[in-house]
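Engineer: with the sequence up front, the predicted model follows.
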Amino acid sequence: MSTKGTHIPEWLKVPFAGITPAPTQKGQDLFPTGNWRSIRPVYRDKMPPCNNACGTNEKIQGYLDLVKRGKYLDAYALIKEDMPFPSVTGRVCYHPCEQACNRGTYDEAISIRAVERFLGDLGQALPKDVVKPGKPNGKKVVVVGSGPAGHSAAYQLARLGYAVTILEKSPKAGGLNRGGIPDWVLPQDVLDREIERLVELGITIKTNTEVGKDVSWDELRKSYDAVILAVGLINPNSIRAEGEDKSGVHYGLPFLRDIGMGTSNVKLGPRVAVVGGGNTAIDCAREAYRQGAQEVTMITVEGTTSEMPCVPEDLHDMVEEGVELKHGLACTAVLGNGQVEALQLHPAKFSGAINASPITINKDAKPERFAVDNVIIAVGQHGALKWLPDEFKNDKGGIKADRFGRLGTTNVFAAGDVVQVGQGQPLMVVNAVGDGKRTAFNVDKVLRGEPLQERMVAIDVITDLARMNMTYFPKFPRVQQLMLAPASRRKTQDEVIQAFSEEQAIEEANRCFSCGTCNACDNCYLVCPEPCIIRYDRSNGLYKILVDYCKGCRVCIEECPTGCLEGVPELDFDTGVVRMDTAFAITQGLHGRQAEELRNLPDRPAKDIG
Amino acid sequence: MAYTELTVWTRGIIMDKEGRDIVNSIAASARNEGKFAQAMENYVDNPDRTNCPTRKYCRVSDSEIENALTYENENPNIVVLVEQTMVKGWDYMRGMPPGGTLVINTQYTPDYMLRFVPKPERLAQLVCVDAAKLADHKWLYYRLGELGLDRLSTEGAAERSKAVAPDIAAPLIAAVVKTTGIVKMETIEPMIANKAAFKAALSELHIMPLNPVTA
C-alpha cells in the first residue's frame, strides 16, 4: 500500500478525546456531553386535579405545599387570590377537589377543606388582612346580592381598584352563606368577620335595599359604570301537591334563611318530614332536630341513597343523627284540616336520568298515608326576577347571559346560581365564587375596552398515577377532623366539625402528592449522575438543567416523584441550538483552543484527487 | 466519482453495529466491483461510551487509496447520521467539499431538518429516511419520550446475529447507494439481511436537492 501523498493535517495531530485534562483545568469544560442527548429533561408543571376541579380554581397544591413548610401566611395569601372567604368555604364547601384528589384512588383523599379552614381561621385572627384594595380607577360598579357570587365579584373588583357598592335586600349581608347554611356548619361570627374584611377593602354594603323596590332597574344602569347581578335563587320550588298551602308546610331555603337571619318563628311538632334528597334537604332535616323535632324522616324520589344528589359525608352525618330515609316516593297531597296531619305518598321514579328528568308517579298504586306534624319541602329554588326585563330571562327561572356572564351588549353582568341554574353543573358555594371571580375579571375587561377572553381550559390535568413515581409515596391514612357526638349535637347550634390543629394541618398537607408540579423535593438534584442539575436555593421552579452536559440519561425523569419532569425529544427544540466545534468540545478548554486555531487556518480547497 | 469518502456518525455502544454495517457492506461490495475500498472505525473515539457520538469511515476509490493510513476522513463526500438528534450537535460535515450528501435517519422531513444542518451550502442533497419505521425496529427510537434509553439499544447485536444490516442499517444503506451511486445496487443487495426494509426504503426516501456542483 502506498503512502505517497499521505497528508495528516494539523488538527489531526492532537487526539480529540481521551486525554486527561490538566490539573488546572476543569474536566467539565473539556467534555461537554450535551450532544450525547436525544431527549431533554424539561420541567413542565401540569394542572393538579384538585385545582382543576375547584369551582374557583384555588391553587390547592400551592397552599398545601406552603403549609407543609410552615409558611401559613403565604398560603393564606395564595388562597385569597381566588377565594375571598376561605374560613367559610373551609366549612361549607362540598369539596369537589377532594373527590378529584389523586390520593383518593391511592389511599384516602387529602382533607383539603380542613386545611383551607385552618388557613381561613388564621386569616380571621389577623388584625389586618393581607389583601389590599387596588389603586382607585374612578369607576363605579354595583353588585346586587351579597351571597357567595356577589361577595367574590365585589372582592375581586375592589382589588382591581373599582369603587364597589353591594346592594342586599336582607337586613344582614351574606346571602346564601347566612341564609342557606345553618349555624352548626358556619357560625355567624365567622361570616361577619369576612364581611368586615370586605368593608375594610372599601366596599360599601347597603342592606335593606331591594332592586325593583328601593332601586329601579333603570336607576341601577344609569348610576354605575357596570352592574353585576348576583341575586341567587331565592324562591323555593313547589312539589305541586294538593294542599301544599296548609299551615305547617315549610320550604327548605326560607326555613333555613329565617333561622339564619334570626327572624324565624317556626315551631316544629315532634314528627317532621323533609321532602327532597339534596344538600338543602339534608341541612333542613338536621336543623329540624335542633328546632325541637323528635322524629325526622326524609322522603326522596331517588331509589337509593347513592342516587341522591348530595355529599355522602353529610348524608352519613345526617343518618348518624337519627334521620330516617324513605326512598322511591313522591308526595302527592298534603292531608289535614287546615293544619298538616299526614302526607299522601305514591311510588315514583325519575322517567329518565336521575335528577335530570321529569318524575313519573305511579298513581294506580295504593297511596301510603304518612302521619306528620310538619313538612319541609326542599326540592330546589328558582329566581325572583320580576323587575328584570323579559329579554334577559331564561326558561329555567334564571338570567340569560352569554358565556362571559354578560347580558347582551350591555354593561350588566350576572353571576352565580342565577346564571348557572339548569346548566348541568351543581349549584354550590365554590362554583358561585368562581363565577363571581370570572365575571369580575370580565367586567374589568369590558370597562377597560379590552376583548373578553374565553375561559382557559386546563389542557394537561394529571390524573394518571402512572405518570408519577409512586414508590416515593407511602400509604398514609387521612387525618380525621373531630366531630361532636351525634346524640349531643342534635340539640345544639355548636359547630359539628372541629378545626384542625397546626400539627394536624401540617400532617395532612404532607400527604399531598403535588401532582405534576415541582415541589422542590430535590430528588432530581440528588439523582443526576452528572452535575447537570443545579439550584441556587431549594425552591419550586428554581432547578435548572445544564444542557451542555446533560446526556439525556432519563434518570431524573424516571425518578421525579410528582411527574413534573418530562423527556422532550431534543429535535422538538428548533431554537437554541448550541453548536459545538467538534463532537467533544464547545469552545472552552483544550478542544476549544484547538477549535480557535482551526478557525484561524486558511481555507483549503477541496482535495483534488483525479 | 473516482474517490469518495463516507463518514457515518452513530451513537456509541447502543447503535454501534448499525454504523459498522453501513461502512463494512459498502466497502465489501466496492471491492467486489473491483474498486479499492477501506472501512474502519474511528481510533480516537474508542473506547466508546453509551450514546457517545462515534464515527465509522469508508473510502472507495478507482485507484489505489493514497491516504490509507489516515485514521479519519478529512473530506467526507457523504455523511450518514444514524441517530437524528446528532444533526444539532456539531459540525459533522467538517471538511466536506461542495456537492456532498447528508443522509439522516429521521421521521421528520428534510424541510424541518434543514434548519439544524450547519452550513448546508456544502450539500448537493439532503436525504431523510425513516429507517427505524421501515425496518420495523423493535424499539422505535423516535419514541424516546416514552421509552427508556436502555430499551432501544442494539448493544450486543453482533453476538445475537452475524447478519449484515438486519435492522435499521438496511434502509440507510439503500438511501446512500440510491442517492450517491457509490456502489452498484446489485452488488450490495445480496449482503443485506433485511431485504424488505432495504427495498421499501428505495421508494420511501425524502430527497431534498440543494446546491448541485457546477463543473
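Structural biologist: Perfect, I can see it now.
Engineer: pretty sure residue B:201 sits against residue B:169.
Structural biologist: No. Residue B:201 lies out of contact with residue B:169 (C-beta atoms under 8 Å); the separation is 10.7 Å. Quick note: C-beta positions are derived from backbone N, CA and C, even for glycine.
Engineer: overlap in contacts of these two?
Structural biologist: residue B:131 (C-beta atoms under 8 Å, 6 or more residues apart in numbering or on different chains).
Engineer: looking at the two, which one has more neighbours?
Structural biologist: Neighbour totals were compared for residue B:201 and residue B:169, and residue B:169 leads with 34 against 23 (other C-beta atoms under 10 Å in any protein chain shown).
Engineer: any idea how far the nearest residue to the more buried one once chain neighbours are set aside lies from chain A?
Structural biologist: Take residue B:169 and drop its neighbours on the chain: the residue closest to it by C-beta to C-beta, 6 or more residues apart in numbering or on different chains is residue B:21, 4.0 Å away. The gap separating residue B:21 from chain A is 20 Å, by C-beta to the nearest C-beta, to the nearest Å.
Engineer: can you pull the pLDDT of residue B:21?
Structural biologist: With respect to pLDDT, residue B:21 scores 90.
Engineer: now name the helix or strand holding it.
Structural biologist: helix B:16-32 (DSSP states H and E).
Engineer: count of neighbours near residue A:140?
Structural biologist: The burial count for residue A:140: 13, using other C-beta under 10 Å.
Engineer: hang on, the earlier thing: which other residues reach the helix holding residue B:21?
Structural biologist: Counting by C-beta under 8 Å, 6+ apart, B:6, B:8-10, B:36-41, B:48, B:54-60, B:80, B:82, B:154-155, B:157-158, B:164-165, B:167-169, B:172-173, B:176-177, B:182-184, B:187-188, B:191-192 sit against helix B:16-32.
Engineer: and stretch A:200-211, by the same measure?
Structural biologist: By C-beta under 8 Å, 6+ apart, stretch A:200-211 touches A:128-129, A:131-133, A:144, A:146, A:154-155, A:158-159, A:163-173, A:195, A:198-199, A:214-215, A:217, A:220, A:231, A:387.
Engineer: flag every buried residue along that stretch.
Structural biologist: A:201, A:203, A:205, A:209, A:211 (16 or more other C-beta atoms under 10 Å in any protein chain shown).
Engineer: tell me which element the third one is part of?
Structural biologist: Remark: residue A:205 resides in strand A:204-206, with elements defined by DSSP H and E.
Engineer: what's the next secondary structure element after the helix or strand hosting residue A:89?
Structural biologist: Secondary structure assignment for residue A:89, by DSSP H and E: helix A:86-92. Sequence-wise, the next helix or strand downstream of helix A:86-92 (DSSP H and E) is helix A:96-100.
Engineer: average pLDDT for the next helix or strand after that following helix?
Structural biologist: Once the chain leaves helix A:96-100, the next helix or strand it forms, by DSSP H and E, is helix A:112-125. When pLDDT is averaged over helix A:112-125, the result is 94.
Engineer: neighbouring strands - and their directions - for the helix or strand following helix A:112-125?
Structural biologist: Downstream of helix A:112-125, the next assigned helix or strand under DSSP H and E is strand A:140-144. Paired strands of strand A:140-144, with direction, are strand A:163-167 (parallel), strand A:226-229 (parallel) (DSSP bridges).
Engineer: quick check: domain ranges of chain A?
Structural biologist: Here the domain assignment for chain A is A:34-47+A:516-572, A:49-130+A:464-509, A:140-234+A:383-447, A:239-251+A:264-379, based on automatic domain parsing.
Engineer: compare these and say which comes out lowest on pLDDT.
Structural biologist: domain A:34-47+A:516-572 (a mean of 83).
Engineer: so, low pLDDT: which residues of chain B?
Structural biologist: Chain B contains residues with pLDDT under 70 at B:1, B:43-48, B:137-161, B:214-215.
Engineer: now the helices for the stretch 201-350 of chain A?
Structural biologist: In the stretch 201-350 of chain A, the segments counted as helices under DSSP state H, counting those that start in this stretch are A:217-223, A:252-261, A:279-290, A:312-320.
Engineer: need the winner for burial among those helices.
Structural biologist: helix A:279-290 (a mean of 25; mean count of other C-beta atoms under 10 Å in any protein chain shown).
Engineer: from the chain's centre, how far out does the helix holding residue B:21 sit?
Structural biologist: 10 Å (C-alpha atoms, centre = their mean, to the nearest Å).
Engineer: that one: which residues count as buried?
Structural biologist: B:16-31.
Engineer: closest one to residue A:373 out of those, please.
Structural biologist: residue B:18 (87.7 Å; C-beta to C-beta).
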